[in-house]
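Asker: Fold the following and give me the result.
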Amino acid sequence: MTNIAERRCVPCEGGVQALARAAATEMLQYLHESWQLSLDGASIQREFRFIDFLRAMSFANAVAHVANIEDHHPDIEIGWGYCRVRYTTHAIQGLSENDFICAAKLDAIALS
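Answerer: Presented below is the predicted three-dimensional model:
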């Protein structure tokens, strides 16, 4: 598989199956090791840590920018020194490749 951070999300309006837990687990290998698969296999989450609130907020704004470009929106929780991001594809009530594409994009931002 090519670098998934370079891929683009495709619209998902339902009518397709969510990734099975085994497929989601396999896709995790393309992400930073901090990403966690939920117990029900329907979402992935990662906490990004920062030295202060401003950097956490700046990262949250970068997450929003990726979400806007890809038209795929995560749940974001932000506070002093952290930003938690959770991806799921609401239209299928589970994970799609889009979730992993966006997560990989955030990994790339966090490394820069």
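Asker: Which residue comes closest to Phe100 once chain neighbours are left out?
Answerer: Once flanking residues are discounted, Phe100 sits nearest to Met27: 4.7 Å by CB to CB, 6 or more residues apart in numbering. For every residue, glycine as well, the C-beta is placed using N, CA and C.
Asker: so what's the backbone phi/psi at the one you found?
Answerer: Dihedral pair for Met27: phi -70, psi -30, per degrees, to the nearest 10.
Asker: Now do the contacts for it.
Answerer: Leu19, Leu95, Glu97, Phe100 (CB atoms under 8 Å, 6 or more residues apart in numbering).
Asker: what does Arg46 give?
Answerer: Leu31, His32, Ser34, Trp35, Gln36, Arg84, Val85, Ala103, Leu106.
Asker: Could you measure from the residue nearest to Phe100 over to Glu77?
Answerer: 23 Å (CB to CB, to the nearest Å).
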